[in-house]
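Kindly generate the corresponding structure for this input.
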Amino acid sequence: MNIDGKELLKLARNSIESFFDNKEIKTENFKEKKGVFVTLYTDNKVRGCIGFIEPNSSLGVHVIKAARLAAFQDPRFPPLKKNEKFRIEISVLTKPELIKEKEPEKILKNIEINKDGLIISYKGYNGLLLPQVATENNLSKEEFLEAVCNKAGLQGISWKTGKCTLFKFQAEIFKE
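Residues are numbered from 1 along each chain as shown. Sure thing, here's the model as predicted:
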């Protein structure tokens with residue numbers, strides 16, 4: 001599928017801006033079911049980031065919902081104000097792929113920095129980091145794995161135990 005990034009970004013911005021006028025927004029475009037994350041930035045700092053891993057709804061519907069959630073319901077940040085300046089980044093996800101290896105050396109060989117995002121799960125603890133996080137923060141593979149553990153509320157070395165479930169995915173990224 002060839003995604004029109006400009007139109008997708010426009011949809012996300014319209015979704016956020018229409019919220020202030022209490023208007024619903026819908027789209028007939030982007031019907032393919034895809035996982036997606038919408039990240040908002042102010043002054044090059046994350047201002048909100050929420051998404052959907054599972055492709056259980058159309059990309060268009062997911063972008064509308066994720067954009068509004070990132071703007072107004074990310075618990076790490078206050079809701080966006082009407083005149084606040086921000087830029088949008090959208091990450092359209094591939095289906096997560098289970099990393100079957102359990103040995104640390106094999107796990108490291110299975111991950112590519114600047115390509116893969118990570119999901120970790122262990123006893124109800126879950127964390128996700130988009131592929132660009134490793135690149136933007138100049139993380140090694142091991143540091144990236146530690147960071148996704150920390151995001152899940154786990155100790156950084158948890159990925160080495162062989163008890164966690166790890167997934168990798170890729171993302172097509174569109175930026176304003």
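
To what extent is the residue lying closest to residue 117 once chain neighbours are set aside buried, counted in neighbours?
Among residues not flanking residue 117 along the chain, residue 131 sits closest, at 4.3 Å (CB to CB, 6 or more residues apart in numbering). Every C-beta, even on glycine, is put in place using the N, C-alpha and C of the backbone. Counted by other CB atoms under 10 Å, the residues lying close to residue 131 total 23.

quick one, phi psi at residue 131?
Backbone torsions of residue 131, given as degrees, to the nearest 10, read phi -60, psi -40.

so what pLDDT did the residue of the chain most remote from its centre get?
What lies farthest from the middle of the chain is residue 21; by CA atoms, centre = their mean that is 26.9 Å. In this model, residue 21 is scored at 90, pLDDT.

Any stretches of this structure with poor pLDDT?
1 (pLDDT under 70).

could you redo the last one with a cut-off of 80?
Residues of the chain meeting the criterion pLDDT under 80: 1-2.

Domain-wise, how is it divided?
5-93, 97-170 (automatic domain parsing).

how about the ones you listed in CSV, adding distance to residue 176?
Listed next are the domains of the chain as CSV, based on distance: least, CB to CB, whole Å:
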stretch, distance to residue 176
domain 5-93, 4
domain 97-170, 15
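
And residue 57, how far from residue 42?
Distance, residue 57 to residue 42, using CB to CB, to the nearest Å: 28 Å.

ok, for residue 24, nearest residue in space, not its chain neighbours?
Counting by CB to CB, 6+ apart, the residue nearest residue 24 is residue 18, at 7.5 Å.
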